[in-house]
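Trainee: quick one, structure for this:
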Amino acid sequence: MHKGIYIAVSGAVIKQNQLEIIAQNLANSNSIGYKREYITFIDYLIKEINNNSDDKIMTNINKIYYDFSVGEFIKTGKPLDIAIEGSGFIALEGNLYSRRGDLKVDGNGFLVNFSGHKVLGKRGFIEVGKNKVPDISKDGKVYIDGNMIDELKIVDFERYDILSKKDSGLFFSKDGGKESKANILVGFLESSNVSPVKEMISMIETLRDFESYQKAIQIFDESINKIVNEIARL
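Mentor: Below you'll find the predicted structure:
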């Protein structure tokens with residue numbers, strides 16, 4: 001079988017994966033704190049794989065990356081909604097980190113994120129008490145009845161590629177990061193950094209590429225069938 005068909009198939013598979021990522025970005029364009037995903041590619045020669053003289057280039061997925069640029073800030077006016085003005089992440093239990101700041105107080109009186117993970121302060125988990133609504137200052141200090149009980153642990157990382165993505169806008173890292181000096185906007189949430197218009201344009205371009213690869217596969221397939229049939233008649 002002609003090696004060209006493998007090149008076309010590898011291109012089609014990559015474009016299909018790219019379409020899935022774009023679709024995921026579009027589906028989360030209104031998700032609080034969502035960070036856009038994108039993939040990078042790596043090219044290699046066929047002869048490097050099967051040790052022959054062919055120099056056809058194949059492409060494969062190299063890595064999935066995340067765009068950590070800051071989204072727009074949405075004013076909610078709620079005292080437990082916070083947004084980080086600048087770089088940094090809210091530290092949560094279990095080595096988890098997030099930009100999503102719609103916090104709440106759970107049934108045991110602990111400050112938690114939207115999915116129930118406890119928020120870390122500089123003294124540990126932040127316990128505000130049952131039926132209490134804490135006040136949070138722009139420097140991250142947490143107050144109950146005018147008394148400071150702790151300070152939000154906001155951290156940043158020198159390299160974001162050490163962060164692995166989990167569900168619901170959460171990221172995991174064994175590296176504890178370093179303290180961030182970013183301000184806290186209280187009564188605001190950070191929106192997704194996905195641009196629906198740009199993603200739609202990217203989807204159209206990627207779909208065209210995918211269709212081109214499909215057409216190439218069809219041409220190779222028809223050529224192979226023609227050769228096989230002609231040989232059979234000899």
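Trainee: use CA for all of it now, contacts and neighbours both
Mentor: Will do.
Trainee: any stretches of this structure with poor pLDDT?
Mentor: 1-6, 41-62, 220-234 (pLDDT under 70).
Trainee: how does it divide into domains?
Mentor: 3-68+194-233, 73-190 (automatic domain parsing).
Trainee: what's the most buried one of those?
Mentor: domain 73-190 (a mean of 18; mean count of other CA atoms under 10 Å).
Trainee: please report how far the closest residue to residue 142 other than its chain neighbours lies from residue 26.
Mentor: The shortest distance from residue 142 to any non-neighbouring residue, by CA to CA, 6 or more residues apart in numbering, is to residue 136 (4.7 Å). From residue 136 across to residue 26, the span is 32 Å (CA to CA, to the nearest Å).
Trainee: returning to that earlier point: so how far is residue 67 from the residue nearest to residue 142?
Mentor: Note on residue 136: its distance to residue 67, by CA to CA, is 28 Å.
Trainee: which parts of the protein are helices?
Mentor: 3-27, 47-50, 196-233 (DSSP state H).
Trainee: for residue 217, see how far away the residue nearest to residue 67 when sequence neighbours are not counted is.
Mentor: The spatial neighbour of residue 67 that comes closest, neighbours along the chain excluded (CA to CA, 6+ apart), is residue 36 at 5.2 Å. According to CA to CA, residue 36 stands 31 Å off from residue 217.
Trainee: check residue 146 too.
Mentor: Taking CA to CA, one finds residue 146 at 69 Å from residue 217.
Trainee: residue 169 now?
Mentor: 38 Å.
Trainee: ok, and the closest non-adjacent residue to residue 32?
Mentor: residue 191 (4.7 Å).
Trainee: my guess is the one you found contacts residue 35. True?
Mentor: No. Look at residue 191 against residue 35 with CA atoms under 8 Å: they stay out of range, at 9.2 Å.
Trainee: for residue 162, give me its contacts.
Mentor: Going by CA atoms under 8 Å, 6 or more residues apart in numbering, residue 162 touches 173, 175.
Trainee: tell me the span between the first and last residue of stretch 100-116.
Mentor: End residues of stretch 100-116 are separated by 12 Å (CA to CA).
Trainee: could you do stretch 108-125 as well?
Mentor: Start-to-end, stretch 108-125 (CA to CA) is 12 Å.
Trainee: what's that stretch in contact with?
Mentor: In contact with stretch 108-125 (CA under 8 Å, 6+ apart) are residues 90-93, 101-106, 126-132, 150-153.
Trainee: stretch 205-217 too?
Mentor: 5, 8, 9, 11, 12, 15, 16, 18, 19.
Trainee: how about 7 Å then?
Mentor: Applying CA atoms under 7 Å, 6 or more residues apart in numbering, the contact partners of stretch 205-217 are 5, 8, 9, 11, 12, 15, 16, 19.
Trainee: gap between the third one and residue 23?
Mentor: With the distance defined as CA to CA, residue 9 ends up 21 Å from residue 23.
Trainee: put the alpha carbons of stretch 76-92 into PDB.
Mentor: Only the C-alpha atoms of stretch 76-92 are listed here, as PDB (Å, rounded to 0.1, in the frame of the first residue of the first chain):
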ATOM      1  CA  THR A  76     -22.000  39.600  40.400                       C
ATOM      2  CA  GLY A  77     -22.100  41.600  43.700                       C
ATOM      3  CA  LYS A  78     -22.000  38.300  45.700                       C
ATOM      4  CA  PRO A  79     -19.600  38.500  48.700                       C
ATOM      5  CA  LEU A  80     -18.200  35.000  48.100                       C
ATOM      6  CA  ASP A  81     -17.600  35.500  44.400                       C
ATOM      7  CA  ILE A  82     -13.900  36.400  43.800                       C
ATOM      8  CA  ALA A  83     -11.700  36.900  40.800                       C
ATOM      9  CA  ILE A  84      -7.900  37.000  40.700                       C
ATOM     10  CA  GLU A  85      -6.700  40.300  39.200                       C
ATOM     11  CA  GLY A  86      -3.500  39.100  37.600                       C
ATOM     12  CA  SER A  87      -1.700  35.700  37.500                       C
ATOM     13  CA  GLY A  88      -2.300  33.100  40.200                       C
ATOM     14  CA  PHE A  89      -4.600  30.400  41.300                       C
ATOM     15  CA  ILE A  90      -6.800  29.600  44.300                       C
ATOM     16  CA  ALA A  91      -5.200  26.800  46.300                       C
ATOM     17  CA  LEU A  92      -7.500  23.900  47.200                       C
END
